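**Q** Using only what follows, build the 3D model:
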Amino acid sequence: MTEAAPSGARSRAVAPRVHRWAFWVAAAMVVALDQATKAGIRTWLERGEAWPGEDWPVRIKHVTNSGAAFGILQGETMFLIVMALIGLGAIYLYYRFPPFDHWAATLGIGMMLGGAAGNLIDRVRVGRVTDFVDVGDFPAFNVADASINIGVAIVILGYLWFEARKPEEAQPEPAVPDEDG
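**A** Okay, here's the model as predicted:
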């Protein structure tokens, strides 16, 4: 008869599989929500149209961006597509070799991948990204943008939180000289 693995060994063996699953689910959910909201905005509002109105602090406004964050690199679609593909590769590598192995890293990195993929889909399909969350003087953004930022925050805060709680490695006791020597 074979001995059962200790419960700790079993949970360590299962964790990476759960992490992989959570990573891909987080990414897929972000892409789906991002693309659904953008399609809804393109259907229900004309470009430049806002709802509920100009006097609201937060509103839905259909705008597009052919550039990168904050409107830089306008019209550089091919360059931004190449950069997005490189970014997706970097995010995937970061997922494969995270600075800490915890569900927070998996979730945050999955959200970043989904956000980058969602905006890449827009660039490839229509040559520009649809943005719609309008908050005062801040540039309009979308679900993909928010997911990237939230994912980065989760990874940073998770790293700080879990590294601070990591048990310190045992330091060897200093050698005490013999009475004879």
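
**Q** hey, where'd the strands end up in this structure?
**A** 50-51, 58-65, 129-135, 138-141 (DSSP state E).

**Q** Return the helix or strand in this structure with minimum mean pLDDT.
**A** Ranked by mean pLDDT, DSSP states H and E, the weakest helix or strand in the chain is helix 7-44, scoring a mean of 79.

**Q** And the pLDDT at the most centrally placed residue in the chain?
**A** The centroid of the chain falls nearest to Met112 when counting by Cα atoms, centre = their mean (2.0 Å). pLDDT recorded at Met112 is 95.

**Q** Over to Asn149?
**A** 94.

**Q** Pull the contacting residues for it.
**A** With contacts defined as Cβ atoms under 8 Å, 6 or more residues apart in numbering, Asn149 is in contact with no residue. C-betas here are computed from N, CA, C, even on glycine.

**Q** Does Met98 touch Ala104 like I think?
**A** Check again: residue 98 is Pro, not Met. No: the pair Pro98 / Ala104 is not scored as a contact, 9.7 Å apart, by Cβ atoms under 8 Å.

**Q** For the residue nearest to the centre of the chain, give its distance to Phe23.
**A** From Met112 over to Phe23 the distance is 10 Å, taken as Cβ to Cβ, to the nearest Å.

**Q** What of Gly108?
**A** 10 Å.

**Q** which of the two has more neighbours?
**A** Set Gly108 next to Phe23 and count neighbours by other Cβ atoms under 10 Å: Gly108 wins out with 28 against 24.

**Q** correct me, but the more buried one touches Trp161?
**A** No: when contacts are counted by Cβ under 8 Å, Gly108 is not listed as touching Trp161 (11.8 Å).

**Q** Count the residues that sit near Trp161.
**A** Around Trp161 there are 12 residues (other Cβ under 10 Å).

**Q** could you list every residue that touches it?
**A** Trp161 neighbours (Cβ under 8 Å, 6+ apart): Ala104.

**Q** how close does it get to Phe23?
**A** Taking Cβ to Cβ, one finds Trp161 at 19 Å from Phe23.
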